[in-house]
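K.L.:
below: sequence and its predicted model.
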Amino acid sequence: MKKILCLIFTFLLCITSIFGKDTKREFRGIWIATVDNINWPSKKGLSVEDQKKEYIDILNEIKSLNMNAIIMQVRPTADRFYKYPSSEPWSQYITGESGKNPGYDPLAFFIEEAHKRNIEFHAWFNPYRITLKKGEPIPKEHIARKHPNWIIEYAGRYYYDPGNPQAREFTENVIVDVVKHYDIDGVHMDDYFYPYPVLGKNRKVLHFNDDKSFAKYGKGMERGNWRRENTNAFVKELSHKIKKTKPYVKFGISPFGVWRNNDKDPTGSKTRAGAENYDTLYADTRVWIKNNWIDYIVPQIYWDFNLRVAPYKTLVDWWINEVKGSKVNLYIGQAAYKLGGTKAWRNKNELINQIKYNRSTGKVQGNIFFGYDKINKNVMDIKNSLKNKVYENIVLPNRTPWIDTVAPKKVTHLSGKKVSKGILLNWKDFPKNYTDYYVIYRSENKNFSKDLNKNIIDTVKRKYGEKYLDTRVIKGKSYYYMIAPVDRVHNQGEQSKTFKINY
């Protein structure tokens, strides 16, 4: 009998984990790559109107799938998609010509349109890459030409030298200037610190020639340790500068999915990946987590459950243990770009089951997808799978309690009236309330669901007014509404009193 009761309890606990608390909050993001025109703009030299339309279409797609964040690449190759700072050239991926003014400020437009839809905007920077393709020259007026000691050529491509403190500081200051000038919600980087190794003609890995900076700054260290310290210094310094400028701006990094295989370090993952953050890219993610230099980490676990050398579950479990006890939210980078590819990814439930597994742990707090084009083209019917199996309801992004825990006071005087296009709600908020946006709850009876997420119909930024037009109403029905204020780091205040209206 005890055994049966224990099994029942375990089952109920599992059900609660999968369908309960962990879907109250969830970061649901998508990477939009601009390098080489992967996602936006679709090609160089589009008119401003076409560029804007393409971006708005992306946002509307994200919104329709109940996602809540966009991670947009704004500095792919030591260039810029923003007016300030102007220390590097306008990106060639906008106009087709490096340094050519696009005629508007893309980043300002990106943020404004994302916030209109209450989608978080994270600005994605590549810290060191200057050129993308082999043999591609550095633009004539580029600052790197004025500081040749800052750059290293590797396999026909140019990079800022991570071991040169002046080059590092320059990149840090570029990013912090963007934080100062723009209303971004987060600073984001992916896995490109030191470049991925390239094989030469003799099948040996080419040497990344940082000999000069190593001789000058190495201080007798082993080169690998010195390189990792350079990356650590960059992450630490940038983190402090971001928080000093705007404490609420989140800092996140998306590393390669494997820190170290356990054949090299017994505390590493039970994998045999061909590349590793620690040894290949000189990125010691463990140090960043232990020191709480970042607010979130998004390991790119781009493998299926049954891949022997790097199984999905094995890596998720490893990263869960890695962030335990830290002030770092764990999201998982999901391989939407693989949909429809190999046998594992021709299973339409592979990606969905990965998200379900993340939730079942109660520790993974969200997902970011790479491969917007596959989602946009609805490969493997992914849109319906997302909307009907895992993203059925709107949810708020995760809190970051180490930044702030004080929620706004509840709003007052909720009222509404019938108008030609629906029901127009109005309410009052305190002038000094720290509200960033409002959550609109609606029910067709006075008893709201215990899981209030099922009653969220939308969220709306405070800057656009203390009002909301509900157009999804039917004549002859009664509706009950509540409004809750939420601050910049997603602390939600108490819901207002319920307001009823017959339409």
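P.N.:
Yep, it's here.

K.L.:
in stretch 471-486, what's buried?
P.N.:
Within stretch 471-486, the residues that count as buried by 16 or more other CB atoms under 10 Å are 479-486. Glycine gets a C-beta too; all of them are placed from N, C-alpha and C.

K.L.:
what's downstream of the helix or strand of the chain with the lowest mean pLDDT, the next helix or strand?
P.N.:
Scoring the helices and strands of the chain by mean pLDDT, DSSP states H and E places helix 2-19 at the bottom, with a mean of 36. As assigned by DSSP states H and E, the chain's next helix or strand after helix 2-19 is strand 27-32.

K.L.:
dump whatever helix or strand comes next after that following strand to CSV, restricted to CA.
P.N.:
Scanning forward in sequence from strand 27-32 by DSSP H and E, the next helix or strand is helix 48-64. Only the C-alpha atoms of helix 48-64 are listed here, as CSV (Å, rounded to 0.1, in the frame of the first residue of the first chain):
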residue,chain,number,x,y,z
VAL,A,48,13.8,51.5,-45.7
GLU,A,49,10.1,50.7,-46.1
ASP,A,50,10.8,47.1,-47.0
GLN,A,51,13.4,46.7,-44.2
LYS,A,52,10.8,48.0,-41.7
LYS,A,53,8.1,45.7,-43.0
GLU,A,54,10.3,42.6,-42.8
TYR,A,55,11.1,43.4,-39.2
ILE,A,56,7.5,44.1,-38.2
ASP,A,57,6.5,40.8,-39.9
ILE,A,58,9.1,39.0,-37.7
LEU,A,59,7.7,40.7,-34.5
ASN,A,60,4.1,39.8,-35.5
GLU,A,61,5.2,36.2,-36.0
ILE,A,62,6.8,36.1,-32.6
LYS,A,63,3.8,37.7,-30.9
SER,A,64,1.4,35.2,-32.6
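
K.L.:
other SSEs contacting helix 48-64?
P.N.:
strand 69-75, helix 106-116, helix 372-376 (3 or more CB pairs under 8 Å, 6 or more residues apart in numbering; DSSP states H and E).

K.L.:
between those, which gets nearest to Lys421?
P.N.:
helix 106-116 (17.7 Å; CB to CB).

K.L.:
run a quick neighbour tally on the residue lying closest to Val328 once chain neighbours are set aside.
P.N.:
Once flanking residues are discounted, Val328 sits nearest to Ile289: 5.2 Å by CB to CB, 6 or more residues apart in numbering. Number of residues near Ile289 (other CB atoms under 10 Å) recorded here: 22.

K.L.:
and for Leu425?
P.N.:
23.

K.L.:
equivalent analysis for the one 3 residues further on, please.
P.N.:
The burial count assigned to Lys428 is 12, neighbours taken as other CB under 10 Å.

K.L.:
is it true that it touches Gly465?
P.N.:
No. Taking contacts as CB atoms under 8 Å, Lys428 lies outside contact range of Gly465: 11.5 Å.

K.L.:
circling back to that earlier point, ok, so of the buried residues of stretch 471-486, who is nearest Glu97?
P.N.:
Among the buried residues of stretch 471-486, Val486 lies closest to Glu97 (CB to CB), at 42.3 Å.

K.L.:
just the pLDDT for the closest one.
P.N.:
The per-residue pLDDT reported for Val486 equals 98.

K.L.:
dump the residue contacts of the nearest residue to it once chain neighbours are set aside.
P.N.:
The shortest distance from Val486 to any non-neighbouring residue, by CB to CB, 6+ apart, is to Gln492 (4.7 Å). Shown in contact with Gln492 (CB atoms under 8 Å, 6 or more residues apart in numbering): 396, 407, 439, 484-486.

K.L.:
how does it look with 7 Å?
P.N.:
Gln492 sits next to 396, 407, 439, 484, 486 when contact means CB atoms under 7 Å, 6 or more residues apart in numbering.

K.L.:
which residue sits closest to Gly156 in space, ignoring its chain neighbours?
P.N.:
Nearest residue to Gly156 in three dimensions, chain neighbours excluded: Lys134, at 3.6 Å (CB to CB, 6+ apart).
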